[in-house]
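Colleague: below are the sequence and a predicted model for it; my questions follow.
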Amino acid sequence: MLFARVVGNVVSTQKEEKLVGRKLLLVQPAEPKGAAKAATPLVAVDAVGAGEGELVLIVQGSSARQTARTEGTPVDCAIIAIVDSVELGGKSVFSKKQDPGE
Amino acid sequence: MLFARVVGNVVSTQKEEKLVGRKLLLVQPAEPKGAAKAATPLVAVDAVGAGEGELVLIVQGSSARQTARTEGTPVDCAIIAIVDSVELGGKSVFSKKQDPGE
Amino acid sequence: MLFARVVGNVVSTQKEEKLVGRKLLLVQPAEPKGAAKAATPLVAVDAVGAGEGELVLIVQGSSARQTARTEGTPVDCAIIAIVDSVELGGKSVFSKKQDPGE
Amino acid sequence: MLFARVVGNVVSTQKEEKLVGRKLLLVQPAEPKGAAKAATPLVAVDAVGAGEGELVLIVQGSSARQTARTEGTPVDCAIIAIVDSVELGGKSVFSKKQDPGE
Amino acid sequence: MLFARVVGNVVSTQKEEKLVGRKLLLVQPAEPKGAAKAATPLVAVDAVGAGEGELVLIVQGSSARQTARTEGTPVDCAIIAIVDSVELGGKSVFSKKQDPGE
């Protein structure tokens, strides 16, 4: 799984029917500390009720279809966790409570 | 899922039999704002009736086979949504109505 | 799917038993116009009777196992179409009839 | 499979329900000799009881779901072995006993 | 499939139980001519009895689980063929008989 920031959303009325009702969020790949990486944002289906600005974990490939919201759908990226805190090398490097957001 | 522009098509008469009748479109990876990325175009099967110049979402890998048009076929890239609008950081960065096309 | 040129072949007598009888072709990733890309060639199983020098489409990952020739085999790359023509931005950029080959 | 060092962990209370009870570890891609690679850490589910600082093997994609701890879960990266020793070109290049850790 | 050289091995006593008895080989991605590529070695399960120094073909992702030795295991890279010879552009560029090894 990779870290990403929820940075926006995508609206599509003409989409594959299995995607109807799925929230398409724009996620920016990020570092464990929460900083954005220099990469093009991806589009992910939200499986956990993530909000804009939050640091989340995304899962890619067939594993993105292993959630109640994505099973059997043509989805290759899903948000599967909202990050509370990250510890790296014995130190806390991210805490949701002290996170200023994206 | 990734953003891409429909930029052309591929004709093939000698293809794997499960692909007969599938429209093979040329798609150029793009940024959320709709601008083309510097990358080689991919070939995708269209699952939503996308037209040339439109900004779409593509899905890759096994998930590309989870549409009515691609189930059980040797396809690793499919168009699964036509993008109406994209919001990034609270601002609208793409709107199909104001899109000049590729 | 990606464009590739058939540029050679690989002979292996000691291989996984499910691969016995499968033709292993060397394919060079290519641009939609047919020019070779600067990349290491891949080895693909041929599912459509492609010949050396031809521009083809390759499929990767689990989707490479969705052909009659590759079902259930340890194969992650297959040739699933021979390209007749490519249209990009409204113009013909590749035609098999006028193709000088690799 | 790839080499990685366990360098930390991630806490998430709001996560996909199938992930409840799974330990989310931060792993840094590494060289066979155990040195860290210049890459963003990944988040992996631990299937073998790995401890911080240990050199491990990670598996990615759908294969990450083939362990007792990850079956059917939205997980695309799992730790499946703790490395005791690595031999490269006939020489021992890593030994857990002499490893100073990350 | 990709070319790789068998360059070593990995020993692990604490591993996912489905991996018990599987030989973990260190493989270096290579060019069709057999020369090593500048890339980090991967760890692959051997499905064909490959020996150190040999040029082999590796398969990645879920397809790595389609061999008798890897079925149902958390493995994303397997050796599925030992290369006898490679022909590129009509010329022999690799022959096992004349191969000096890695």
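Modeller: It's in.

Colleague: interface residues of chain A facing chain E?
Modeller: By Cβ under 8 Å from any Cβ of the partner chain, the residues of chain A that approach chain E are A:S62. Heads up, the C-betas are built off the backbone N, CA and C, glycines and all.

Colleague: which residues of chain A lie near chain D?
Modeller: Chain A comes close to chain D at residues A:1-3, A:29, A:31-32, A:37, A:47-49, A:57, A:59-68, A:70, A:78, A:80-90, A:93, as judged by Cβ under 8 Å from any Cβ.

Colleague: ok, and of these, which contact chain C?
Modeller: Answer for the residues of chain A next to chain D near chain C (Cβ under 8 Å from any Cβ): A:S62.

Colleague: can I get the buried part of the residues of chain A next to chain D as one PyMOL selection?
Modeller: The buried residues among the residues of chain A next to chain D can be selected in PyMOL (16 or more other Cβ atoms under 10 Å in any protein chain shown) with this line:
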select buried, chain A and resi 1+2+3+29+31+32+47+48+57+59+60+61+62+63+64+65+66+67+70+78+80+81+82+83+84+85+86+87+88
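
Colleague: for B:D84, see how far away the closest residue to chain E within chain A is.
Modeller: Nearest residue of chain A to chain E: A:S62, at 7.5 Å (Cβ to the nearest Cβ). Separation of A:S62 from B:D84 (Cβ to Cβ, to the nearest Å) stands at 28 Å.

Colleague: what bridges to the residue lying closest to A:K15 once chain neighbours are set aside?
Modeller: Spatial nearest neighbour of A:K15, chain neighbours left out: B:A81 (3.7 Å); criterion: Cβ to Cβ, 6 or more residues apart in numbering or on different chains. Beta-bridge pairing for B:A81 (DSSP bridges): A:K15, B:L57.

Colleague: so B:A81 touches B:D46, yeah?
Modeller: No. Between B:A81 and B:D46 there is no contact under Cβ atoms under 8 Å: 11.2 Å.

Colleague: help me confirm that A:A39 comes into contact with A:Q28.
Modeller: Yes. At 7.3 Å, A:A39 and A:Q28 qualify as touching, with contact defined as Cβ under 8 Å.

Colleague: which of these two has more neighbours?
Modeller: Neighbours per residue, other Cβ atoms under 10 Å in any protein chain shown: of A:A39 and A:Q28, the larger number sits with A:Q28, 22 against 12.

Colleague: against A:V93, how distant is A:V83?
Modeller: To A:V93, A:V83 is 11 Å away according to Cβ to Cβ.

Colleague: please read the previous query as pertaining to A:E71.
Modeller: As judged by Cβ to Cβ, A:E71 and A:V93 stand 34 Å apart.

Colleague: what about the residue minimising distance to the centre of chain A, helix or strand, and which?
Modeller: Computing the C-alpha centroid of chain A and ranking residues by Cα atoms, centre = their mean puts A:I79 first, at 3.8 Å. When elements are assigned from DSSP states H and E, A:I79 belongs to strand A:77-82.

Colleague: tell me what that strand is packed against?
Modeller: Judged by 3 or more Cβ pairs under 8 Å, 6 or more residues apart in numbering or on different chains; DSSP states H and E, the packing partners of strand A:77-82 are strand A:24-29, strand A:42-46, strand A:55-60, strand D:14-15.

Colleague: and of those, who's closest to E:K18?
Modeller: Smallest distance to E:K18 across the helices and strands packed on strand A:77-82 (Cβ to Cβ): 21.6 Å, for strand A:55-60.

Colleague: what residues are up against the closest residue in space to A:T40 that isn't next to it in sequence?
Modeller: In space, and not counting its chain neighbours, A:T40 is closest to B:E31: 6.0 Å by Cβ to Cβ, 6+ apart. By Cβ atoms under 8 Å, 6 or more residues apart in numbering or on different chains, the contact set of B:E31 is A:40, B:3, B:37.

Colleague: right, and the first one touches B:K37 too?
Modeller: Which is A:T40. Yes. A:T40 lies in contact with B:K37 (Cβ under 8 Å); the separation is 6.6 Å.

Colleague: which of the helices and strands packed on strand A:77-82 is buried the deepest?
Modeller: Highest mean neighbour count among the helices and strands packed on strand A:77-82 (mean count of other Cβ atoms under 10 Å in any protein chain shown): strand A:55-60, with a mean of 26.

Colleague: related to what we said a few turns ago, need the pLDDT of the residue nearest to A:T40.
Modeller: Looking at B:E31, its pLDDT reads 97.

Colleague: for it, give its distance to chain D.
Modeller: Distance of B:E31 to chain D, computed by Cβ to the nearest Cβ, to the nearest Å: 21 Å.

Colleague: low-confidence ranges, chain A, go.
Modeller: A:102 (pLDDT under 70).

Colleague: the longest strand anywhere in chain A pairs with which strands?
Modeller: For chain A, the strand that runs over the most residues, judged by DSSP state E, is strand A:2-11. Partner strands and pairing direction for strand A:2-11 (DSSP bridges) are strand A:24-29 (antiparallel), strand A:55-60 (antiparallel), strand B:85-88 (antiparallel).

Colleague: got the CA positions of that strand in PDB?
Modeller: Output in PDB follows, covering the C-alpha atoms of strand A:2-11 (Å, rounded to 0.1, in the frame of the first residue of the first chain):
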ATOM      1  CA  LEU A   2       1.100   3.600  -0.600                       C
ATOM      2  CA  PHE A   3       0.500   6.800   1.200                       C
ATOM      3  CA  ALA A   4      -1.600   9.400  -0.600                       C
ATOM      4  CA  ARG A   5      -3.400  12.700   0.100                       C
ATOM      5  CA  VAL A   6      -7.100  13.200  -0.900                       C
ATOM      6  CA  VAL A   7      -6.800  16.300  -3.000                       C
ATOM      7  CA  GLY A   8     -10.100  16.400  -5.000                       C
ATOM      8  CA  ASN A   9     -12.700  14.500  -6.800                       C
ATOM      9  CA  VAL A  10     -13.900  13.500 -10.300                       C
ATOM     10  CA  VAL A  11     -17.400  13.700 -11.600                       C
END
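
Colleague: tell me what angle that strand forms with strand A:42-46.
Modeller: 90 degrees (axes from the mean of the first three to the mean of the last three Cα atoms, to 10 degrees).

Colleague: buried sites along strand A:2-11?
Modeller: So, applying 16+ other Cβ under 10 Å, buried residues of strand A:2-11: A:2-11.

Colleague: for the residue of chain A positioned farthest from its centre, give me its contacts.
Modeller: The outermost residue of chain A relative to its centre, with distances by Cα atoms, centre = their mean, is A:G90 at 25.1 Å. Listed by Cβ under 8 Å, 6+ apart, the contact set of A:G90 reads D:8, D:52.

Colleague: now with 10 Å?
Modeller: D:7-8, D:52-53 (Cβ atoms under 10 Å, 6 or more residues apart in numbering or on different chains).
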